[in-house]
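# Coordinates only, no sequence provided:
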């Protein structure tokens, strides 16, 4: 079954903010300059095309590849430093989607930290400049509402380096001249074995240096995780952050960052405790994948092929109208996917379609064309029917406690389709979708009228009562009760990007008729699970945007503090190596001796 409650105190999830990629050091130390390429690395008359690729030659030189594994800790650090430069070079022309969700929290004696307010940002990250220069959101003025402690995460107003200062471990001076490295131990992050090292700034290394811990995978020596803070610690930014990378081919991509601040007082200003998740994805845009697929396409067909079938050679007006609506639907979904906001079809879509089919079969529904589900990659809780496609957000799937709750969301979209609420066919004209990606959410709006929503709610409840989920509807009502109870504290989480709200601060709750079936909400009862934390269900491949379901162990809760409905939790990623990676396993069974790490004197 798709949805069994999977609660774990250390959650596999996603984030990347105050360091969504300290992972990327664009400039490497003067004192650790890459060694010149060996003669064997230079192109020769008899070399292969790969050998003649200047980028491949440069990368081999920069990464300091040798015939064997690192023989001491100094070599591990040197290769890790150089690999940062290689990664930065490879990603310089990328503009991934970056999403940040922040919750202000307060402490509750029984529930731990609970949200009191939230903030949200969605945009494109310019990796070359290290700044977010394009926002998907309609009004950037919303940033004015964010406490000054967080404005540096989204704008260039606080530090001259702008967003780059929050994205990189040290943009210009990650080297031995500015840092000391101390070996700690070896440990596994998922199934990736790593060398763990503490790093601290050299005396006199200058202001705003990273202090914390790094994890270096033991095959090619890439940094895959780091956490810590900048010192001296500014009083007006996130103090501590934890940045994770995910393997894709030969690269470890900055993907998740968890950050938290325990609150501070600066004169008359008081900042409450905050938690934040940042996620990055769409490193390879959908249109680039399509171009590659076209380039690799080979067609072998005999000449003079004719269609001798007896199929009809014309369409009826009804068929033409349906096809026109389908064209508008396809244009909308394709444009959202090209912008990096809808995932490609895959595993999760098939699971959603199975739940949809369960509802259709038991209600004797036979649609032509059939209804199907697609997943929005974003966090805000929303779902919307676009003709025959039901779009449901990753964030909403994450927090649903069981399959019946998922079925209720999909049934409401299915009801719109059955009631022929259709789609705005102006989007069948392709020229209406010719705009830059950040304009997508401003140009495409598919929200329903209030009357259409009410009619779909009534129809959805009818479908659910005649479905395999009929006896689980009280649990669905419990989820809606929890959503209603928290809606005032998380207004940006329930604010849709393209469709209708799941709830509107205690009123206009979707499928509100199911709440009457629900038991009383008991937020302190550890046995009553009404909603899950964010990041509970789905993981995203940051390169291809493909989705997969998390396979986490079920964990019994020990207190109400571990329920955390709709809340931000830390990222603890089960790292794996991509199956396409050609990394040699040379270090997997080697013990790297810890050599002297006496650093060069810092440049002053």
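Perfect, I can see it now. Keep in mind the model is a prediction, meaning the values are calculated, not measured.
# Tell me how far the lengthiest strand in the chain lies from the chain's centre.
Using DSSP state E to define each element, the chain has its longest strand at strand 112-126. With C-alpha atoms, centre = their mean, to the nearest Å as the basis, strand 112-126 stands 13 Å off its chain's centre.
# likewise stretch 356-376?
Distance of stretch 356-376 from its chain centroid, counting by C-alpha atoms, centre = their mean, is 28 Å.
# before we move on, what SS does residue 366 have?
Residue 366 falls in the coil class when you classify it by DSSP: H, G, I helix; E, B strand; the rest coil.
# Leaving out sequence neighbours, find the closest residue to it.
Spatial nearest neighbour of residue 366, excluding adjacent residues (C-beta to C-beta, 6 or more residues apart in numbering): residue 360 at 7.5 Å. Glycine gets a C-beta too; all of them are placed from N, C-alpha and C.
# May I ask you to confirm that the one you found is in contact with residue 371?
Yes - if you go by C-beta atoms under 8 Å, residue 360 and residue 371 touch, sitting 7.4 Å apart.
# helix, strand or coil for residue 107?
Going by three-state DSSP: residue 107 is strand.
# Which strands or helices does the strand or helix carrying residue 79 pack on?
According to DSSP states H and E, residue 79 maps onto helix 73-91. Packing partners of helix 73-91 (3 or more C-beta pairs under 8 Å, 6 or more residues apart in numbering; DSSP states H and E): helix 54-62, strand 179-189, strand 192-201, strand 209-217, strand 223-231, strand 251-261.
# quick check: angle from the fourth one to strand 179-189?
Spelled out, that is strand 209-217. Relative orientation of strand 209-217 versus strand 179-189 (axes from the mean of the first three to the mean of the last three C-alpha atoms, to 10 degrees): 40 degrees.
# before we move on, the earlier item: helices or strands next to the helix or strand harbouring the residue nearest to residue 366 in the packing?
Assessed by DSSP H and E, residue 360 sits inside helix 347-362. Secondary-structure packing of helix 347-362 (3+ C-beta pairs under 8 Å, 6+ apart): strand 372-376, strand 389-393, helix 403-418, strand 547-549.
# Of all these, which one comes closest to residue 225?
Nearest to residue 225, of all the helices and strands packed on helix 347-362, is strand 547-549, at 20.4 Å by C-beta to C-beta.
# Can you report phi and psi for the residue nearest to the spatial centre of the chain?
Most central in the chain under C-alpha atoms, centre = their mean is residue 279, positioned 3.9 Å from the mean C-alpha point. Note on residue 279: backbone dihedrals following degrees, to the nearest 10 are phi -130, psi 140.
# now the helices and strands packed on helix 347-362 in TSV, with distance to residue 492?
Output for those, formatted as TSV (distance: least, C-beta to C-beta, whole Å):
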stretch	distance to residue 492
strand 372-376	15
strand 389-393	13
helix 403-418	19
strand 547-549	23
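# I'd like to know which of these lies nearest to residue 437.
Closest among the helices and strands packed on helix 347-362, using C-beta to C-beta: strand 372-376, at 14.6 Å.
# what sits up against that closest one?
Strand 372-376 is contacted from outside by 333, 336, 341-343, 345, 348-349, 352-353, 356, 382, 388-394, 397, 410, 413, 497-498, 538, 547, using C-beta atoms under 8 Å, 6 or more residues apart in numbering.
# Could you tell me the angle between it and helix 347-362?
Here the directions of strand 372-376 and helix 347-362 differ by 150 degrees (the same axes, to 10 degrees).
# quick check: mean pLDDT across strand 372-376?
Regarding strand 372-376, the rounded mean pLDDT is 97.
# Also stretch 222-233?
Stretch 222-233 carries an average pLDDT of 88.
# same thing with stretch 407-419?
Here stretch 407-419 scores 97 as its mean pLDDT.
# was I right about residue 99 contacting residue 378?
Yes - look at residue 99 against residue 378 with C-beta under 8 Å: they come within range, at 6.4 Å.
# what sits in contact with each of those two?
With C-beta under 8 Å, 6+ apart as the test, residue 99 and residue 378 both reach residue 122.
# Okay, now the sheet partners of the longest strand of the chain, with direction.
When pairs are called by DSSP bridges, strand 112-126 turns out to pair with strand 97-108 (antiparallel), strand 131-135 (antiparallel).
# would you list these in JSON lines and tack on mean neighbour count, mean pLDDT and distance to residue 178?
Listed next are the strands paired with strand 112-126 as JSON lines, based on neighbours: other C-beta atoms under 10 Å; pLDDT from 0 to 100; distance: least, C-beta to C-beta, whole Å:
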{"stretch": "strand 97-108", "mean neighbour count": "22", "mean pLDDT": "92", "distance to residue 178": "27"}
{"stretch": "strand 131-135", "mean neighbour count": "18", "mean pLDDT": "69", "distance to residue 178": "23"}
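# of all the ones you listed, which lies closest to residue 456?
strand 97-108 (27.7 Å).
# for the stretch 501-604 of the chain, which spans come out with low pLDDT?
Within the stretch 501-604 of the chain, the stretches with pLDDT under 70 are 504-508, 579-604.
# what are the ranges of the strands in it?
538-540, 547-549 (DSSP state E, counting those that start in this stretch).
# would you turn these into TSV with distance to residue 563?
Listed next are the strands of the stretch 501-604 of the chain as TSV, based on distance: least, C-beta to C-beta, whole Å:
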stretch	distance to residue 563
strand 538-540	20
strand 547-549	21
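# of the ones you listed, which approaches residue 74 most closely?
Smallest distance to residue 74 across the strands of the stretch 501-604 of the chain (C-beta to C-beta): 35.2 Å, for strand 538-540.
# sorry, back to before: how about TSV for the helices and strands packed on helix 347-362, with mean neighbour count added?
Listed next are those as TSV, based on neighbours: other C-beta atoms under 10 Å:
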stretch	mean neighbour count
strand 372-376	22
strand 389-393	24
helix 403-418	25
strand 547-549	16
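# Show me the domain layout of the protein.
52-283, 320-519 (automatic domain parsing).
# measure the nearest residue to residue 404 once chain neighbours are set aside to residue 407 for me?
Spatial nearest neighbour of residue 404, excluding adjacent residues (C-beta to C-beta, 6+ apart): residue 472 at 3.4 Å. To residue 407, residue 472 is 8 Å away according to C-beta to C-beta, to the nearest Å.
# next one: residue 210
Separation of residue 210 from residue 407 (C-beta to C-beta): 47 Å.
# re the thing from before, any idea which of the helices and strands packed on helix 347-362 gets closest to residue 502?
Across the helices and strands packed on helix 347-362, closest to residue 502 is helix 403-418 (C-beta to C-beta), at 8.3 Å.
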